[in-house]
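S.K.: Predicted model follows, preceded by the sequence.
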Amino acid sequence: MHEMSLMVSMLEIIEDQARQEGFRRVTRVTLEIGQMAGVDPEAMRFAFEAGTLDSVAEGAELIIEETLGRARCPACGLEAPVEVFYEPCAACGQAPQEIIAGRAMRIVSLDVD
Amino acid sequence: MCTTCGCEDHAHAPHPKGESSGWFRRVSLERSLLEKNDAFAARNRRHFQERGILALNLVSSPGSGKTSLLVATLERLAGSRPVAVVEGDQQTSRDADRIRAAGAPAIQINTGKGCHLDAHGVEHAILDLAPEDGALVFIENVGNLVCPAPFDLGENHKVVILSVTEGEDKPLKYPDMFAAADLMLLNKVDLLPHVDFDEEACLGFAKRVNPSLDVIRTSARSGEGLQAWIDWILARSAALAR
Ligand SMILES: Nc1nc2c(ncn2[C@@H]2O[C@H](COP(=O)(O)OP(=O)(O)OP(=O)(O)O)[C@@H](O)[C@H]2O)c(=O)[nH]1
Ligand SMILES: [Mg+2]
Ligand SMILES: [Zn+2]
């Protein structure tokens, strides 16, 4: 359940942004969560409901864009989807591969009033 | 953008129905949820680097023997090196008490509901402990094989401890932790005769997840492997001084 502390970090970023840009209310938060980021979207939603009470994001809609894992093989250059990061290259068997997508956890955008 | 029609044009007249004005602004951010922790971690790393301190982040599931190994390690170091220990647990100061009883300065961080240490908490503990230049700093994370993995503390190395009572499949089940570590201590090897633990399979799984992982077999009980572990630590500390 480290989703709760990720949520605290998310709120800090939002409050910080609210001060900088002078908005008072967030109506939608769009997050990108990679499928290999070790984050459970359901736990994230649960943490969001509890964590945003009495904040600028109270009642906001949470959109989670789950990005699929992708790897590039350092040996043969093949780029392909992966589900676990230590999967060997489908073409030449090389492992580990370079993970090029699917590990991010970030705020993409905020819709604000 | 307009919520009612989704258009990009802010200039057209408001839609007639609905309570909201229908207008909102979209702020693009692209900011990582880990950015603040990473900034504190970078600061800790600089602090350690400037002082020639070797910092190790000990991670494992609860009860693998982190504190027992630390106590045995401190006894063997017997004051030959400056040391400091940061203890992370949700509750109690029992582990810090055990470390102090072994003669080393320790600070306990209670994370409450939190299931991992973060770099900010560790910074405060380090400032309080004020380890000497060239010290060995041991950070015992909260017992949890999942949550501490993404939180960099500014350590030089993560050391994952797996005890033989936990089952050989843990590296595959919790790959993030084994991938993030540079060393695995396979602990409680004194219990191998009593458990059906497939050591060879375990090492295969660990290397599959992390081909460059070092492995040392240890027993905090019998002392087996402790000298190899201490040699591993001292070699890395010496490499910093150069
Ligand atoms: N037989 C045997 N028992 C051990 C060994 N290392 C630790 N233990 C026992 O395992 C139990 C847990 O050890 P701890 O050192 O408290 O484990 P820990 O990883 O610090 O636990 P948490 O901090 O609660 O996550 C204790 O009862 C220890 O005596 C070992 O090498 N062999
Ligand atoms: Mg302990
Ligand atoms: Zn390949």
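M.R.: Thanks, I have it. Ligands and ions are numbered 1, 2, ... in the order given.
S.K.: got the residues of chain B near chain A?
M.R.: B:1, B:3, B:24-37, B:113-116, B:118, B:146-151, B:175-176, B:179, B:208-211 (Cβ under 8 Å from any Cβ of the partner chain). For glycine as for every other residue, the C-beta is placed from the backbone atoms N, C-alpha and C.
S.K.: May I see the ChimeraX selection of the buried members of the residues you listed?
M.R.: Selection of buried members from the residues of chain B next to chain A for ChimeraX, criterion 16 or more other Cβ atoms under 10 Å in any protein chain shown:
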select /B:24,27,31,32,33,34,36,37,114,115,116,118,146,147,148,149,150,151,175,176,179,208,209,210
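S.K.: Restricted to helices, list the residues of chain B next to chain A.
M.R.: B:35-37, B:175-176, B:179, B:208-209 (DSSP state H).
S.K.: Chain A: helices as residue ranges?
M.R.: A:3-21, A:41-51.
S.K.: I'd say B:Gln91 and B:Gln108 touch.
M.R.: No: using Cβ atoms under 8 Å as the test, B:Gln91 is too far from B:Gln108 to be in contact (9.9 Å).
S.K.: Looking at these two, which one has more neighbours?
M.R.: B:Gln108 (20 against 9; other Cβ atoms under 10 Å in any protein chain shown).
S.K.: what residues are up against the more buried one?
M.R.: In this structure, B:Gln108 makes contact with B:87-89, B:92-93, B:95-96, judged by Cβ atoms under 8 Å, 6 or more residues apart in numbering or on different chains.
S.K.: That one in helix, strand or coil?
M.R.: Per DSSP: H, G, I helix; E, B strand; the rest coil, the local secondary structure of B:Gln108 is strand.
S.K.: distance of it from B:Leu58?
M.R.: Using Cβ to Cβ, to the nearest Å, we find B:Gln108 at a distance of 14 Å from B:Leu58.
S.K.: Could you report the neighbour count for the closest residue to B:Gly134 other than its chain neighbours?
M.R.: Leaving aside its sequence neighbours, B:Gly134 sits nearest to B:Gly52 (Cβ to Cβ, 6 or more residues apart in numbering or on different chains; 4.7 Å). Per other Cβ under 10 Å, the neighbour tally for B:Gly52 reads 14.
S.K.: I'd like the distance between A:Met36 and B:Leu136.
M.R.: Computed as Cβ to Cβ, the A:Met36 to B:Leu136 distance reads 33 Å.
S.K.: should've said A:Ala80
M.R.: From A:Ala80 to B:Leu136 the distance is 43 Å (Cβ to Cβ).
S.K.: Neighbour count for the two, which is higher?
M.R.: Per other Cβ under 10 Å, whichever of A:Ala80 and B:Leu136 has more neighbours is B:Leu136, with 23 against 14.
S.K.: Roughly how far does the residue lying closest to that one once chain neighbours are set aside sit from B:Leu153?
M.R.: Distances taken as Cβ to Cβ, 6+ apart put B:Val83 closest to B:Leu136, at 4.9 Å, once the chain neighbours are dropped. Distance of B:Val83 to B:Leu153, given as Cβ to Cβ: 17 Å.
S.K.: Looking at those two, which has the bigger crowd around it?
M.R.: With neighbours defined as other Cβ under 10 Å, B:Val83 and B:Leu153 compare such that B:Leu153 has more, 28 against 23.
S.K.: For that one, give me its contacts.
M.R.: The contact partners of B:Leu153, by Cβ under 8 Å, 6+ apart, come to B:41, B:44, B:55, B:57, B:117-119, B:122, B:139, B:141.
S.K.: And whichever strand or helix holds B:Ala72, what does it pack against?
M.R.: Here B:Ala72 sits within helix B:66-77, counting by DSSP states H and E. When contacts are defined as 3 or more Cβ pairs under 8 Å, 6 or more residues apart in numbering or on different chains; DSSP states H and E, helix B:66-77 sits against strand B:54-59, strand B:83-89, helix B:94-101, strand B:136-140, helix B:226-241.
S.K.: re earlier: among the helices of chain A, which is nearest ligand 3?
M.R.: Ligand 3 lies closest, by Cβ to the ion, to one member of these: helix A:41-51, at 30.5 Å.
S.K.: farthest-separated two in the ones in helices among the residues of chain B next to chain A?
M.R.: Farthest apart among these by Cβ to Cβ are B:Lys36 and B:Arg208. That separation is 33.2 Å.
S.K.: Which positions in chain A make contact with ligand 1?
M.R.: Taking Cβ under 6 Å from any ligand atom as the contact definition, chain A does not meet ligand 1 anywhere.
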